[in-house]
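A.B. asks: just a sequence and a predicted model for now, questions to come.
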Amino acid sequence: MSAEHFIDTNVFLYHLDDADTRKHDIAARLIRNGIATGSGCISHQVVQECLNVALRKAHIPLDHAGAGAYLRTVLSPLWHIMPSQALYQRGIDIQARYRFSFYDALIVAAALEAGCARLYSEDLQHGHGQRIDKLTVENPFL
């Protein structure tokens, strides 16, 4: 499977929380475009992190029913990468080579597995503009 861009968890959190309207609007555009064109993707890790924050943080306005609806309508259409031994091994290799945290390395590994050209993430600021194989890390909020 091949997608154009991988969307990290923080983009979804700005989509859910409209306190920063500029970031909310950017996140909404990226997600809407990713779903409409089939060009975006996420991994199981993004689903888990997003739902964990949405259900536990008071500033994210989702109750259990809202979280289920968000899972069905937003996360599931983009969810293409599942856990595997190969994914975790690639994450370990990326962590060792690029000195990312393990969880950031898994995000990069998932984006590479999906064949993405771009990884949208605010969390990898130290990697903004960095090329990892054919993947470019980009902070869409800069």
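C.D. replies: The structure has been received and is ready for your questions. This structure is a prediction, so every number in the text was calculated from the model and none was measured.

A.B. asks: the helix or strand of the chain with the lowest mean pLDDT pairs with which strands?
C.D. replies: Scoring the helices and strands of the chain by mean pLDDT, DSSP states H and E places strand 131-132 at the bottom, with a mean of 92. Paired with strand 131-132 in the same sheet, following DSSP bridges, are strand 135-138 (antiparallel).

A.B. asks: low-confidence regions, this structure specifically.
C.D. replies: Judged against pLDDT under 70, the low-scoring parts of the chain cover residues 1-2, 58, 125-128.

A.B. asks: in it, where's the longest helix?
C.D. replies: In the chain, with assignment by DSSP state H, the single longest helix is helix 21-37.

A.B. asks: buried residues in that helix?
C.D. replies: Using 16 or more other CB atoms under 10 Å as the test for burial, helix 21-37 gives 23-24, 26-27, 30-31, 34-35. C-beta coordinates here come from the backbone N, C-alpha and C atoms, glycine included.

A.B. asks: now, which of those sits nearest residue 53?
C.D. replies: For residue 53, the closest of the buried residues of helix 21-37 turns out to be residue 27, at 13.6 Å, with distances computed as CB to CB.

A.B. asks: all helices for this structure, in order.
C.D. replies: Counting by DSSP H, the chain has these helices, from start to end: 9-16, 21-37, 44-56, 64-70, 76-78, 85-98, 102-113.

A.B. asks: who are the contact partners of the nearest residue to residue 39 once chain neighbours are set aside?
C.D. replies: Distances taken as CB to CB, 6 or more residues apart in numbering put residue 4 closest to residue 39, at 3.8 Å, once the chain neighbours are dropped. For residue 4, the set of contacting residues under the criterion of CB atoms under 8 Å, 6 or more residues apart in numbering consists of 37, 39-40, 116-118.
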